[in-house]
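A.B. asks: Predicted coordinates and the sequence they were generated for:
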Amino acid sequence: MTETSSRHTLLDRRLLAAVLSLMLAACGGMPQDGMGDDSLDTQEASLTSVRVRLMAANTTSGTLQSYDPGHGIRIFQGTDPDVVMIQEFNYGDNSAAAIRGFVDTAFGTGFHYYREGAAQIPNGVISRWPIIAAGEWDDNQVTNRDFAWARIDVPGPKDLWVVSVHLLTSSSSVRNTEATNLVNFIKANVPTGDYLAIGGDFNTSSRTEAAFSTFSQVVTTAAPYPADRNGNTNTNASRASPYDHVLVDSDLRAYQTATVIGASSFAAGLVADTRVYSPISEISPALSADSGASSMQHMAVIKDFLIPADTVTASVTVSSPNGGESWAAGSPQSISWTASGVTNVKLEYTLDGTTWTTITSSFSASTGFYGWTVPSSASTAARVRVSDASNSAISDTSNAAFTITTGSGGGGTAQVFINEVLANEAGSDVNGEFVELVNSGGTAADLSGWTVSDSTGVRHTFASGTSLPAGAAIVVFGGAAGIPAGLSNAVGASTGTLGLGNSGDTVTVKNSAGTTVNTTTYASSLASTDGVSMNRDPDASSGGTFVLHTTLSSAASSPGKRVSGSAF
């Protein structure tokens, strides 16, 4: 009945990055523009905060000390806690499936839980974040429950330890004995550097009981205290005694913030009594009568905290061109990169290593590539630079120069290849099948007599005089009826069909001499989705691999256009 995740490594990579940055600074800082060293193109951002809502909850109703009647479930749903120290953790037949179903309904399918075993009215912990360790410590003053604890991987550099307790009703001296035993368990097991919370049903008749003085060794017990809409801080069913508490250590207490629900704010936290909460719509689906249900145990207690989250590391790294490429002037190519913690990127290029020209001042970083028409000037010192559009300090440049060739330089020959294929046409109109060819070379390609074939045979022969300009695309459709309106760089297959197989096929382009210019064999995984094409990644790159078009764009296909929808 326990859900846990494996312990994350104690060495935070972000901390390592910060240490490396300090070492680099001591050695003279970063090289200008970050040229030639991708490892330096990161920058630590400031800490962000994450709201953590802790709840102590003995909110069972009915005669079975369980959550079956649903009053407590609605209170959970309406107040949306992140971590709950829950008492009388019973539901249905208490099987693993029943408890999992309760957690899914009351909190969500992504929540984790721990429930102590072999107890009549078990304590437990329910958490939005992974429980990386959990168990129970013996409460030797009672026989039907123990102290349930969990170590939770909350955001940020520290873990959160929580202990769910249900102290005995018999006397304050017994409760102090229980508190003494629990404090000893905590001192022996909980690292002082982590956060700590003790929560649940203490059954305390006043805040002056000795148990609070004992608990103050490990958590803070001082005012202010959570209260309901009317300012009442008591939590038992009659609202006369402070039975229930969320007590945290001084490290976590420093981050306590108001509990905000809808338009309402509770400075010290909330005692959730639906009978006095107004407007009740703020904690829907809870009903006004829920806290007054038959045999309702107590009121839930909530405290909110804004804790430092993980440090955000922003970085960009150029993937292509990264040095050594030879690109024809005027050819369509893709600038590609990887980015983390960056929303938009700025793209630039240089032909001499000194003067930079902006390609675009802001483009979505998550796209990972940008269709670029290579400048018409020859260069042996070209590079591109990708940077955070809002912070130029986060940038990366091609590790080495790449070459731009022109016709006069001997590198301007045509380069024709298959860029996009739609084998599984939308619906059943095979006219919609297509093969897109792109010329990334520096001169036009004469396609007269060139053929497009599948594994069965020739499906299209280009008419005499057909020319594919440098940097342009042409599309062969299964039939002229399949050509979208307004698309001029397209033709219908000369045989009246392309016949591309949905279970896999081979597409081959040959020149007029019968020499294979380009060929690709695709699997059914790229042709099994109705109306979705396969496209080179990066787009318009002869060396790119074929992927589903929908992995590159929200569009299902882009015949005769770049994957972004822009013209070649």
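C.D. replies: Ah, there it is.
A.B. asks: neighbours around E325, how many?
C.D. replies: 16 (other C-beta atoms under 10 Å). (Each C-beta comes from the backbone N, C-alpha and C, glycine too.)
A.B. asks: any idea which strand is longest in the protein?
C.D. replies: strand 300-320 (DSSP state E).
A.B. asks: surely T233 meets D244?
C.D. replies: No. At 10.3 Å, T233 and D244 do not qualify as touching, with contact defined as C-beta atoms under 8 Å.
A.B. asks: And these two? Which one has more around it.
C.D. replies: Taking other C-beta under 10 Å, T233 and D244 do not tie; D244 has more neighbours (28 against 17).
A.B. asks: what's the closest non-adjacent residue to the more buried one?
C.D. replies: Closest residue in space to D244, ignoring its immediate chain neighbours: T235 at 4.1 Å, by C-beta to C-beta, 6 or more residues apart in numbering.
A.B. asks: Isn't the one you found up against D228?
C.D. replies: No. Judged on C-beta under 8 Å, T235 makes no contact with D228 at a distance of 9.0 Å.
A.B. asks: between these two, who's got more neighbours?
C.D. replies: The residue with more neighbours, out of T235 and D228, is T235; 28 against 21, by other C-beta under 10 Å.
A.B. asks: hey, what's in contact with both of T235 and D228?
C.D. replies: Listed as contacting both T235 and D228 by C-beta atoms under 8 Å, 6 or more residues apart in numbering are 271, 299.
A.B. asks: if we can go back for a sec, so what's the model's average confidence on the longest strand of the chain?
C.D. replies: Mean pLDDT, computed over strand 300-320, is 90.
A.B. asks: same thing with stretch 357-370?
C.D. replies: If you average the pLDDT values across stretch 357-370, you get 91.
A.B. asks: buried set for that stretch?
C.D. replies: Within stretch 357-370, the residues that count as buried by 16 or more other C-beta atoms under 10 Å are 359, 363, 365, 367-370.
A.B. asks: Equivalent analysis for stretch 391-398, please.
C.D. replies: For stretch 391-398, the neighbour count (16+ other C-beta under 10 Å) marks 394-398 as buried.
A.B. asks: same question, stretch 454-464
C.D. replies: Quick answer for stretch 454-464 (16+ other C-beta under 10 Å): 454, 459-462.
A.B. asks: which is the next helix or strand following the lengthiest helix in the chain?
C.D. replies: Identified as the longest helix of the chain according to DSSP state H is helix 172-189. Per DSSP states H and E, helix 172-189 leads on to strand 195-201 as the next helix or strand towards the C-terminus.
A.B. asks: Could I get the buried residue list for the helix or strand following that next one?
C.D. replies: Next along the chain after strand 195-201, taking DSSP H and E as the criterion, comes helix 210-215. Neighbour counts over helix 210-215 (16+ other C-beta under 10 Å) mark 211-212, 214-215 as buried.
A.B. asks: counting contacts, what elements does helix 210-215 pack onto?
C.D. replies: Counting contacts by 3 or more C-beta pairs under 8 Å, 6 or more residues apart in numbering; DSSP states H and E, helix 210-215 is packed against helix 172-189.
A.B. asks: who's in contact with stretch 536-543?
C.D. replies: For stretch 536-543, contacts defined as C-beta under 8 Å, 6+ apart pick out 320, 332-334, 336, 369, 371, 415, 417, 419-420, 438, 440, 473, 518, 544-547, 551-552, 562-564, 568.
A.B. asks: swap that for stretch 357-369, sorry
C.D. replies: With contact meaning C-beta under 8 Å, 6+ apart, stretch 357-369 is reached by 316, 334-339, 342-351, 370, 372, 384, 388-389, 537-539, 552, 564.
A.B. asks: before we move on, what SS does E425 have?
C.D. replies: Following DSSP: H, G, I helix; E, B strand; the rest coil, the label given to E425 is coil.
A.B. asks: Is it correct that it is in contact with G479?
C.D. replies: No. Using C-beta under 8 Å, E425 is not in contact with G479; the gap is 10.3 Å.
A.B. asks: low-confidence ranges in the stretch 201-350 of the chain?
C.D. replies: 311-312 (pLDDT under 70).
A.B. asks: Let's see that with 80 instead.
C.D. replies: 310-313 (pLDDT under 80).
A.B. asks: Let me see the ranges of the helices in it.
C.D. replies: With DSSP state H, counting those that start in this stretch as the criterion, the stretch 201-350 of the chain has helices at 210-215, 250-253.
A.B. asks: From the contact counts, what lies against the shortest one?
C.D. replies: Secondary structure elements in contact with helix 250-253, counted by 3+ C-beta pairs under 8 Å, 6+ apart, are strand 195-201.
A.B. asks: re the thing from before, from the buried residues of stretch 357-370, pick the one nearest Y522.
C.D. replies: Proximity of the buried residues of stretch 357-370 to Y522 (C-beta to C-beta) peaks at F369, which lies at 20.8 Å.
A.B. asks: residue contacts, the nearest residue to the closest one once chain neighbours are set aside?
C.D. replies: Leaving aside its chain neighbours, F369 sits nearest to S336 (4.1 Å; criterion: C-beta to C-beta, 6+ apart). Listed by C-beta under 8 Å, 6+ apart, the contact set of S336 reads 318-320, 368-370, 538.
A.B. asks: So what sits opposite S336 in the bridge?
C.D. replies: Here S336 sits in beta bridges with S320, F369, as judged by DSSP bridges.
A.B. asks: what does stretch 447-462 rub up against?
C.D. replies: So stretch 447-462 is in contact with 416, 435, 437, 463-468, 474, 476, 491, 493-495, 497-501, 505-512, 517, going by C-beta under 8 Å, 6+ apart.
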